[in-house]
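In: After the sequence you'll find the predicted model.
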Amino acid sequence: MCLPRIITQSLSPRKIHSLIIDIAILLLGIASVGASVSASQLVCTPSRLGFGAVVVGQTSTSLVAVTNTGQKSVTLSEIIAGDAQFTASAASNSNLPLIVPAGQSINVNVSFTPASTGWTGRKITFSSNGGNDILSFQVGGTGVNSEAVTASPSFVTFGQVALGSKSTVPVVLTNARSWNVTLAGIQTMGGEFSLSGPAFPLTLGGGQSVTVNVTFAPHSAGMVGSRLLVSGPQALVVPLTGAGATSVQSAPPPPPTSAPGKLSASISSLNFTNVPVGSSQPQSITLTNSGGSILTISQAGLTGSSSFTVSGLALPVALPAGQSTSFAVVFAPASGGNASGNLTFSSNASNPSMTLPLSGSAVMPGQLIANPASLAFGSVQSGANATLTDSLTNTGGTSVTISQATVTGTGFSISGLSFPLVLSPGASVTFSAVFAPQSAVNGTGGIAVTSTASNPSLTVPLSGTVAAQGQLTVAPTALNFGNATVGTTVSQTSSLSAGGASVTVSSASLSTAEFSLTGTSFPITIPAGQSVPVTLTFSPQSSGTAKAVLSVSTNAGNTAAQALSGVGVTPTQHSVSLSWTDSGSGVVGYNVFRGNTSGGPYAQINSAPTTTPAYSDNTVVSGQTYFYVTTAVNGSGVESGYSNEAQGAIPTP
């Protein structure tokens with residue numbers, strides 16, 4: 001990938017001011033007297049910023065000058081980076097808003113901390129009340145796992161250098177790989193920075209270093225930013241900053257050159273907590289030379305657990321006064337439990353040996369097991385189903401997220417799982433598996449569980465055989481109920497039998513309402529070789545031939561039915577004729593009474609007295625015997641006692 005061209009040439013505030021005045025004079029020569037000068041506005045130096053390759057998790061910082069090129073003060077109200085990997089803030093640590101006087105500049109620290117590998121680009125936006133109230137400039141950088149070539153220092157600040165003078169800083173380039181690396185070229189951007197040292201291209205063996213000298217000779221007053229570019233396996237960019245000054249007496253004096261370097265670390269100890277076995281966790285450390293002269297770190301020794309390693313630190317490392325270098329300590333446990341160690345730095349600093357304690361705790365990664373490990377459904381009839389339960393357990397020390405469970409094999413399914421599903425250490429989830437074969441083919445399959453466990457793909461084998469289907473017999477295959485009087489019922493016995501294997505009868509139905517089935521309830525399972533008796537009843541509702549079919553729903557391998565028939569016969573109408581001797585004068589009518597047993601009790605069957613000594617009873621039923629008596633009623637409504645009893649036997653039908 002080509003690096004963006006970074007323009008570092010800068011104009012001092014004096015030159016910018018002169019340019020604005022020249023433009024104003026030109027405008028006055030063209031326009032009428034009283035025309036205003038150009039509005040105040042902000043510009044960035046440099047106008048584009050490229051960080052090159054930066055190790056993921058580490059930070060590279062560069063300085064950007066924001067200059068007010070107008071004739072009035074400008075208020076800088078907001079700086080927006082637009083991406084968490086880039087940050088920008090005033091170098092003076094002053095809070096916004098900031099007032100930038102006409103012709104003056106403020107410095108802004110821009111940092112890049114890549115979160116992942118690959119190139120990232122964004123815009124840094126400045127909001128102000130200047131003529132260009134929104135000012136943007138492009139930033140970009142590439143996140144890498146480790147630097148092929150490192151620079152020490154990784155950021156060169158020359159401070160204030162008097163005009164006509166120069167300042168030189170040595171930069172040590174080190175091959176961080178264990179194999180040869182070829183540096184194709186090296187250059188600085190902008191005429192105020194220059195290089196001296198070995199000729200390029202050159203090849204560095206594993207861990208070897210080379211020193212180049214970078215010189216800053218300012219041409220004019222003001223802040224200048226630039227880059228040292230090294231072409232190789234990965235582009236290496238070293239930010240350069242310096243300020244040209246007409247006088248440097250007011251600048252704070254540098255540390256005495258006789259003061260030795262002093263090595264300090266950004267943290268006093270490192271602790272890694274609950275790192276899964278088989279994985280790794282890095283933590284960043286920054287070493288800084290807080291002394292007054294350059295120091296060289298010659299060795300970084302690890303003692304204690306072999307689970308600790310150092311990454312990104314190529315020795316020896318030369319640190320000028322005030323400069324830093326960053327690297328990572330990695331904890332990669334191979335077994336569970338606690339680990340400890342020490343990281344000791346050897347240098348020519350005033351503290352030649354500095355030790356950082358290391359500690360870490362390791363846990364077994366999340367792991368899924370199934371209990372039982374496989375499911376065998378045994379023999380299941382086609383059309384039936386069988387259900388088994390299984391469970392998934394996290395036996396590791398970290399949580400596991402189950403993203404899906406896929407079932408393979410004909411006739412198998414699962415229920416009771418909802419995704420994504422998180423199992424804490426030791427937690428379990430239970431679910432159901434079903435085998436429902438629809439054909440005579442035996443079933444094999446599996447449940448494939450996908451998760452973040454150390455065994456990310458877990459399979460639970462499934463198996464089942466299809467049993468031979470039973471045969472259902474309805475005996476007899478046909479029933480004839482013969483003649484049945486309408487309003488009466490006739491019943492016959494039938495049976496349902498299972499052969500070969502058990503049969504489940506889920507329901508039975510009859511095609512007409514004149515026939516009914518009793519004697520059992522459904523569903524019912526009939527074992528192989530067994531029978532269930534049932535009663536079929538014919539209840540004709542009208543005269544004529546009636547037919548029906550008994551249909552049963554089963555899981556049998558055959559279809560069984562029974563034909564039913566019968567004839568409804570209109571019942572014979574019977575009556576009893578009664579007569580008696582007239583009782584003589586004074587009788588105006590007779591009442592007729594009937595009972596079902598001899599001697600009564602009797603009930604009156606005529607609604608009003610009959611005037612003749614005779615009566616016909618048309619409400620008798622076939623096969624019954626009735627007993628009759630009468631009474632006489634005179635004109636005054638007086639009724640006599642019962643007459644003698646008469647008996648009437650009704651034939652069948």
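Out: Happy to help now that I have it. Numbering: from 1, shown residues only.
In: Give me the pLDDT value at Ala259.
Out: Note for Ala259: predicted pLDDT of 67.
In: the bottom helix or strand of this protein by mean pLDDT?
Out: Lowest on mean pLDDT, DSSP states H and E among the helices and strands of the chain sits helix 13-30, with a mean of 29.
In: next helix or strand past that one?
Out: Per DSSP states H and E, the first helix or strand lying C-terminal to helix 13-30 is strand 42-45.
In: Show me which residues of the next helix or strand after that following strand are buried.
Out: Proceeding N to C from strand 42-45, the next assigned helix or strand is strand 48-55, under DSSP H and E. For strand 48-55, the neighbour count (16 or more other CB atoms under 10 Å) marks 49-55 as buried. To be clear about C-beta, it is placed using only N, CA and C from the backbone, and glycine gets the same treatment.
In: repeat for stretch 387-396
Out: So stretch 387-396, judged by 16+ other CB under 10 Å, has buried residues 390, 392-394, 396.
In: Nearest to Thr113 among these?
Out: If you rank those by distance to Thr113 using CB to CB, Gly396 comes first, at 31.8 Å.
In: dump the residue contacts of the closest one.
Out: Gly396 is in contact with 276, 363-367, 425, 453-454, counting by CB atoms under 8 Å, 6 or more residues apart in numbering.
In: Switch the buried residues of strand 48-55 over to CSV; also include pLDDT and distance to Gln604.
Out: Listed next are the buried residues of strand 48-55 as CSV, based on pLDDT from 0 to 100; distance: CB to CB, whole Å:
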residue, pLDDT, distance to Gln604
Leu49, 81, 122
Gly50, 82, 123
Phe51, 77, 121
Gly52, 74, 124
Ala53, 74, 121
Val54, 78, 119
Val55, 78, 119
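In: so what's Val505 up against?
Out: By CB under 8 Å, 6+ apart, the contact list for Val505 reads 472, 496, 522-526, 552-554.
In: my guess is Val277 meets Gly360, correct?
Out: No: using CB atoms under 8 Å, Val277 makes no contact with Gly360, being 11.3 Å away.
In: burial of Ser306, as a residue count?
Out: Counted with other CB atoms under 10 Å, residues neighbouring Ser306 total 11.
In: mind checking how far it is from Asn348?
Out: Counting by CB to CB, to the nearest Å, the gap from Ser306 to Asn348 is 29 Å.
In: ok, now which ones touch the residue nearest to Leu319 when sequence neighbours are not counted?
Out: On the basis of CB to CB, 6 or more residues apart in numbering, the spatially nearest residue to Leu319 that is not a chain neighbour turns out to be Asn289, at 3.9 Å. Contacts for Asn289 were tallied using CB under 8 Å, 6+ apart; they are 261-263, 295, 319-324, 349.
In: higher neighbour count, Val277 and Gly360?
Out: Gly360 (24 against 19).
In: Now the closest residue to the more buried one other than its chain neighbours: which helix or strand?
Out: Distances taken as CB to CB, 6+ apart place Phe272 nearest to Gly360, at 3.6 Å, with adjacent residues excluded. Phe272 is part of strand 270-276, with elements assigned from DSSP H and E.
In: Which neighbouring elements make contact with that strand?
Out: Judged by 3 or more CB pairs under 8 Å, 6 or more residues apart in numbering; DSSP states H and E, the packing partners of strand 270-276 are strand 281-289, strand 324-331, strand 353-363.
In: Among the ones you listed, show me which one is buried the most.
Out: strand 324-331 (a mean of 21; mean count of other CB atoms under 10 Å).
In: contacting residues around that one?
Out: Strand 324-331 is contacted from outside by 55, 57-59, 150, 152-154, 270, 272, 275, 280-289, 297, 307-313, 317, 319, 339, 343, 358, 360, 362, using CB under 8 Å, 6+ apart.
In: Walk me through which strands it pairs with, and which way each runs.
Out: strand 281-289 (antiparallel), strand 308-311 (antiparallel) (DSSP bridges).
In: Would you reformat those as JSON lines and include mean pLDDT?
Out: Formatted as JSON lines, those follow (pLDDT from 0 to 100):
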{"stretch": "strand 281-289", "mean pLDDT": "93"}
{"stretch": "strand 308-311", "mean pLDDT": "94"}
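In: nearest to Pro437, of those strands?
Out: Nearest of the strands paired with strand 324-331 (CB to CB): strand 281-289, 50.1 Å.
In: buried residues in whichever helix or strand comes after the closest one?
Out: Proceeding N to C from strand 281-289, the next assigned helix or strand is strand 295-304, under DSSP H and E. Of all the residues in strand 295-304, those buried under the rule 16+ other CB under 10 Å are 295-297, 300.
In: Likewise for stretch 184-202?
Out: 186, 188-190, 192-193, 200, 202.
In: Dump these to JSON lines, plus pLDDT, distance to His574 and secondary structure.
Out: Listed next are the buried residues of stretch 184-202 as JSON lines, based on pLDDT from 0 to 100; distance: CB to CB, whole Å; DSSP: H, G, I helix; E, B strand; the rest coil:
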{"residue": "Ile186", "pLDDT": "84", "distance to His574": "133", "secondary structure": "strand"}
{"residue": "Thr188", "pLDDT": "83", "distance to His574": "134", "secondary structure": "strand"}
{"residue": "Met189", "pLDDT": "73", "distance to His574": "130", "secondary structure": "coil"}
{"residue": "Gly190", "pLDDT": "69", "distance to His574": "134", "secondary structure": "coil"}
{"residue": "Glu192", "pLDDT": "87", "distance to His574": "138", "secondary structure": "coil"}
{"residue": "Phe193", "pLDDT": "88", "distance to His574": "136", "secondary structure": "strand"}
{"residue": "Phe200", "pLDDT": "86", "distance to His574": "134", "secondary structure": "coil"}
{"residue": "Leu202", "pLDDT": "84", "distance to His574": "135", "secondary structure": "strand"}
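In: could I get these as CSV with distance to Val490?
Out: Shown next, in CSV, are the buried residues of stretch 184-202 (distance: CB to CB, whole Å):
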residue, distance to Val490
Ile186, 115
Thr188, 117
Met189, 114
Gly190, 118
Glu192, 123
Phe193, 120
Phe200, 117
Leu202, 117
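In: Out of the residues you listed, give me the two with the largest separation.
Out: Farthest-apart pair in the buried residues of stretch 184-202 is Glu192 and Leu202; separation 25.5 Å (CB to CB).
In: what about Leu49, distance to Ser77?
Out: The gap separating Leu49 from Ser77 is 21 Å, by CB to CB.
In: and the helix or strand containing Ser127, which strands flank it?
Out: Here Ser127, judged by DSSP H and E, is contained in strand 118-128. Counting by DSSP bridges, the strands paired with strand 118-128 are strand 74-80 (antiparallel), strand 134-144 (antiparallel).
In: For it, buried residues please.
Out: Residues of strand 118-128 classed as buried: 120, 122, 124, 126-128 (neighbour count, 16+ other CB under 10 Å).
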